[in-house]
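S.K.: A structural model of the following input is requested.
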Amino acid sequence: MAQAQDPTQHPDYPEHRVRTEEEQSFHDHVIELLVERLQQEGPMEIRTNPGHLHQNAIVLEEEGEEREFYPDVFAVTGDEVTAICEVETPSTTHESSVAQWRDYAAIGATFLLIVPEEEAETAARLLQENGIPCQGILTYQLAPVAAEGE
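M.R.: Sure, this is the predicted structure:
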């Protein structure tokens, strides 16, 4: 069963910046759109971890101990994780996310980073400076939401 996490601190990476409620809502919407896109690419199981929930883990054994990872979106074919997608927002495309990206890239699946268009250069720089292999940076645009009646 999924467990709710303290929204004021990232549950696995204490240095990771925490999103505002508005950013988190947008982040979760991007996850939904990403799932729709991945489902069009062929047969695979897609698992997600939106919001502050830990509902789908990637479990790896490291030095005799199990470690759980909760990327935003990951694809599984058979019993193999084939792709990991991490969605960032303006406030989390930052040095504080590097440890998490490094862990996800080290899992051995295709690692994709999804960032706002205006943060693509920052993400690329952080990946390069920290030697993190990433098979692609996908971008999205933050669009203002029109109020009802406009």
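S.K.: For L112, list each beta-bridge partner.
M.R.: Counting by DSSP bridges, L112 forms beta bridges with C85, G136.
S.K.: Measure how buried it is and give me the count.
M.R.: 19 (other C-beta atoms under 10 Å). Using the backbone N, CA and C atoms, a C-beta is placed for each residue, glycine as well.
S.K.: Hmm, G136 and it touching each other?
M.R.: Yes. Look at L112 against G136 with C-beta atoms under 8 Å: they come within range, at 5.0 Å.
S.K.: State the three-state secondary structure for the nearest residue to N130 once chain neighbours are set aside.
M.R.: Take N130 and drop its neighbours on the chain: the residue closest to it by C-beta to C-beta, 6 or more residues apart in numbering is V98, 5.1 Å away. Reduced to three states with DSSP: H, G, I helix; E, B strand; the rest coil, the structure at V98 is helix.
S.K.: and V98, how far is that from T122?
M.R.: Plainly put, V98 is 11 Å away from T122 if you go by C-beta to C-beta, to the nearest Å.
S.K.: Tell me which residues touch the closest residue to Y70 other than its chain neighbours, please.
M.R.: Excluding the flanking residues, the one nearest Y70 by C-beta to C-beta, 6+ apart is N49, at 4.5 Å. Applying C-beta atoms under 8 Å, 6 or more residues apart in numbering, we find N49 in contact with Q55, N56, Y70, P71, D72, V73.
S.K.: Separate out the buried members of those.
M.R.: Buried members of the contacts of N49, scored by 16 or more other C-beta atoms under 10 Å, are N56, Y70, P71, D72, V73.
S.K.: tell me the secondary structure for the third one?
M.R.: It refers to P71. Assigned with three-state DSSP, P71 falls in the coil class.
S.K.: Relative to Q24, how far out is the closest residue to it other than its chain neighbours?
M.R.: What sits nearest to P71 in space, not counting adjacent residues and going by C-beta to C-beta, 6+ apart, is I84, at 4.7 Å. For I84, the distance to Q24 equals 20 Å [C-beta to C-beta].
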